[in-house]
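# When you get a sec, could you give me coordinates for this:
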Amino acid sequence: MEVSSGITASLQGRYASALYDLAREQDAVSTVEGDLEKLSAAIRESADLAALIRNPQVSREAAGKVVEGIASLLDLAPLTKNFLGVLAGNRRLSALPDVVRAFSAIAAAARGEVTAEVTTAHPLDAAQLADLSAKLKEREGRDVKVKASVDPEILGGLVVRIGSTMIDSSIRTRLNSLAQAMKG
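Numbering: from 1, shown residues only. Okay, the predicted model is just below:
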């Protein structure tokens, strides 16, 4: 497993690495990864939940109760539920989004795949996603998991981020480049 030392050097990376090790020991990596995706979706969809995990004034007890309720509501696995309890007890819930990203990166590296964050102006259909994934796999030489998002402000084209590499073929960037060239 090749994981960037930058991931495991950060506080969030150490939490993610510890969770990954426990999940691997219990043969529950995919379960925990699914739980973390459900949790991320809940945080994105609920402004109150997002504000709560960022609020340093929430007591350990209150954070623990909230985490317990969320874990029950989302039907999270015991390992994920216990991990969230540890984060709440250590007052590190604010690190949760970064822990989720680090866990996903560690799990993907262990599977020999890389994640490409693709931003487009309009949603891509399944055939376009499959074609893009195949092209990126050919370029990277390993499996590529595509995480698509939509940002109408790029006007057209797409922006692909794989690790620290960014391929920006958006119309917005091209127009900005043209405007700079015309200014002289």
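# Three-state assignment for P56, please.
Assigned with DSSP: H, G, I helix; E, B strand; the rest coil, P56 falls in the coil class.
# per-residue confidence for it?
On pLDDT, P56 comes in at 88.
# I figured it was touching S94, is that so?
Yes - with contacts counted by CB atoms under 8 Å, P56 reaches S94, the gap being 7.1 Å. Glycine gets a C-beta too; all of them are placed from N, C-alpha and C.
# Counting neighbours, go ahead and name the busier of those two.
Between P56 and S94, counted using other CB atoms under 10 Å, S94 has the larger neighbour count: 15 against 7.
# Relative to L178, how far out is the nearest residue to that one once chain neighbours are set aside?
Distance criterion CB to CB, 6 or more residues apart in numbering; nearest residue to S94, sequence neighbours excluded, is R54 at 5.1 Å. Using CB to CB, to the nearest Å, one gets 39 Å for the distance from R54 to L178.
# Looking at those two, which one has more neighbours?
Using other CB under 10 Å as the criterion, R54 and L178 rank with R54 on top: 13 against 10.
# How about L36, nearest residue that isn't a chain neighbour?
V100 is the one closest to L36 (CB to CB, 6+ apart), at 4.6 Å.
# Which residues are in contact with that neighbour?
16, 36-37, 39-40 (CB atoms under 8 Å, 6 or more residues apart in numbering).
# Over to D35?
Contact analysis of D35 by CB under 8 Å, 6+ apart lists 74, 76-77, 80.
# And for L52?
Contacts were defined as CB under 8 Å, 6+ apart; by that measure L52 touches 58, 63, 66, 93.
# mind listing the helices in the chain by residue range?
For the chain, applying DSSP state H gives helices covering 5-9, 11-25, 29-45, 47-54, 60-73, 78-89, 96-111, 126-140, 171-183.
# which of the residues in stretch 28-46 are buried?
Across stretch 28-46, burial judged by 16 or more other CB atoms under 10 Å covers 28-29, 31-33, 35-36, 38-39, 43.
# Quick one: low-confidence residue ranges for this structure.
1-9 (pLDDT under 70).
# Closest to the centroid, which residue in it?
R101 (3.6 Å; CA atoms, centre = their mean).
# From G69, how far off is it?
Taken as CB to CB, the span from R101 to G69 is 24 Å.
# My understanding was that P123 contacts V150; is that so?
Yes - under the criterion of CB under 8 Å, P123 lies in contact with V150, with a separation of 5.5 Å.
# show me the contacts for D98.
10, 12.
# distance of it from E61?
Distance, D98 to E61, using CB to CB: 24 Å.
# so which two of the contacts of D35 are the farthest from each other?
Across the contacts of D35, the longest distance by CB to CB is 10.0 Å; it joins L74 and A77.
# Give me the neighbour count for K135.
For K135, the count of nearby residues is 12 (other CB under 10 Å).
# er, A16 I mean
Applying other CB under 10 Å, we find 27 other residues in the vicinity of A16.
# tally of neighbours for the nearest residue to it once chain neighbours are set aside?
Distances taken as CB to CB, 6+ apart put A102 closest to A16, at 3.5 Å, once the chain neighbours are dropped. For A102, the neighbour count with other CB under 10 Å is 26.
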